[in-house]
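# whatever this is, show me its structure:
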Amino acid sequence: MNFAVSIIVNKKKKMKTIQYLFTICLFFSLGPTGFAQDIHQHQQWDQLVKSHVDNEGNVDYKAFKSNEKALDTYLSLLDQNPPEASWTKNQKKAYLINAYNAFTVKLIVKHYPVESIRKIGGLFSSPFTTAFAKIGDKEYSLDDIEKGMLLKMGDPRVHFAVNCASESCPKLADEAFLATTLDQQLDQAAVEFVNSDKNQLSASEVKLSKIFKWYASDFESDGQSVIDFINRYAEVSLSEEASIDYLDYSWKLNEQ
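This is a model prediction of the structure:
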């Protein structure tokens, strides 16, 4: 074998080695469906809610139950990819919003049929404080995700993005929340909730969702009032002196 031929043979061997190593790396990057998964795209959750949630946020829990394996696959992806210090704030926020909503659906599906999420659990246990959502090496409750992590990020708009599987809750979005579009999505969620039938608004008199009562301090940051916050999104301009009352809160299941 002459020198030139020897070089060509060695190059081919190196190329085969590189291709083999690339294949090995690709194999270990594949998700459970056989395709590389980008946790920040939340593709599986996006497909599920597009299929099983209508424009009003009503949920087809029967369909979710029949498609529970796909839901479990997404929850497994969340479990295997807990938030990391290197993630941006919006990446963490989108992850936690989607996680809250997906684990809530899982809780309903597990106990379906059920009239209300509040029917889940015993006399001394609450569906919101019971740890069942596995993320990384820990199990969290829904309150851990919402109050312990999401709300500590200081963005009250997340109240309109998380869904507690009830009629009076802000609606479940029919798309996944993504870091790249999160601010627009949260603004849209706030506009939709503030101007929905969950509130009754007029210039001098308002009847609000109890969310604005229970979490008033979240909406009163930076010296603003709850009315100031609502006016950022309301189609009607509310007077700062408007009288405020609160509507009854329906915990009936938000089912289609």
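
# sec struct for the residue nearest to the spatial centre of the chain, please.
Among the residues of the chain, the one closest to the centroid is Asn98, at 2.0 Å (CA atoms, centre = their mean). At Asn98, secondary structure determined by DSSP: H, G, I helix; E, B strand; the rest coil is helix.

# that one contacts His42, correct?
Yes - counting by CB atoms under 8 Å, Asn98 does reach His42; the two are 5.2 Å apart. (C-beta placed from N, C-alpha, C; glycine too.)

# shared neighbours, those two?
Taking CB atoms under 8 Å, 6 or more residues apart in numbering as the contact rule, the neighbours common to Asn98 and His42 are 176-177.

# that older thread, mind checking pLDDT for the residue nearest to the centre of the chain?
The model reports Asn98 with a pLDDT of 98.

# now do Ser221
Predicted confidence (pLDDT) at Ser221: the value is 85.

# I figured it hits Asp155, correct?
No - applying CB under 8 Å as the test, Ser221 and Asp155 come out as separate, 9.7 Å apart.

# the two - which one has more neighbours?
Asp155 (18 against 11; other CB atoms under 10 Å).

# distance of that one relative to Glu167?
Asp155 sits 25 Å away from Glu167, going by CB to CB, to the nearest Å.

# before we move on, what about Val206?
For Val206 relative to Glu167 (CB to CB), the value is 20 Å.

# who has more neighbours, those two?
Ranked by neighbour count (other CB under 10 Å), Val206 and Glu167 place Val206 first, with 22 against 16.

# now that one: phi and psi?
Main-chain dihedrals, Val206, degrees, to the nearest 10: phi -130, psi 140.

# same thing with Ser217?
Torsion angles, degrees, to the nearest 10, at Ser217: phi -60, psi -30.

# mind listing the strands for the stretch 151-256 of the chain?
For the stretch 151-256 of the chain, the strands defined by DSSP state E, counting those that start in this stretch cover 200-201, 205-208, 243-246.

# okay, those strands in CSV with mean pLDDT and distance to Asn81 next?
Shown next, in CSV, are the strands of the stretch 151-256 of the chain (pLDDT from 0 to 100; distance: least, CB to CB, whole Å):
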stretch, mean pLDDT, distance to Asn81
strand 200-201, 98, 40
strand 205-208, 98, 37
strand 243-246, 97, 39
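
# let me know which of these is tucked in deepest.
strand 205-208 (a mean of 18; mean count of other CB atoms under 10 Å).

# that strand packs against which elements?
On a contact count with 3 or more CB pairs under 8 Å, 6 or more residues apart in numbering; DSSP states H and E, strand 205-208 meets strand 200-201, helix 226-231, strand 243-246.

# out of these, nearest to Gly122?
strand 243-246 (28.7 Å; CB to CB).

# other residues contacting that closest one?
The contact list for strand 243-246 (CB under 8 Å, 6+ apart) reads 204-210, 212-213, 226-227.

# before we move on, what about stretch 247-256?
The contact list for stretch 247-256 (CB under 8 Å, 6+ apart) reads 54, 57-61, 108, 114-118, 163, 165-169, 171-172, 198-200, 207-210.

# just the CA atoms of that stretch, as CSV, please.
Provided in CSV are the C-alpha atoms of stretch 247-256 (Å, rounded to 0.1, in the frame of the first residue of the first chain):
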residue,chain,number,x,y,z
LEU,A,247,-68.4,36.7,43.2
ASP,A,248,-69.0,33.2,44.5
TYR,A,249,-66.3,30.7,43.4
SER,A,250,-67.4,27.6,41.6
TRP,A,251,-65.3,24.5,42.2
LYS,A,252,-67.3,22.4,39.8
LEU,A,253,-65.1,20.5,37.3
ASN,A,254,-64.3,22.6,34.2
GLU,A,255,-65.4,19.7,32.0
GLN,A,256,-66.6,19.8,28.4
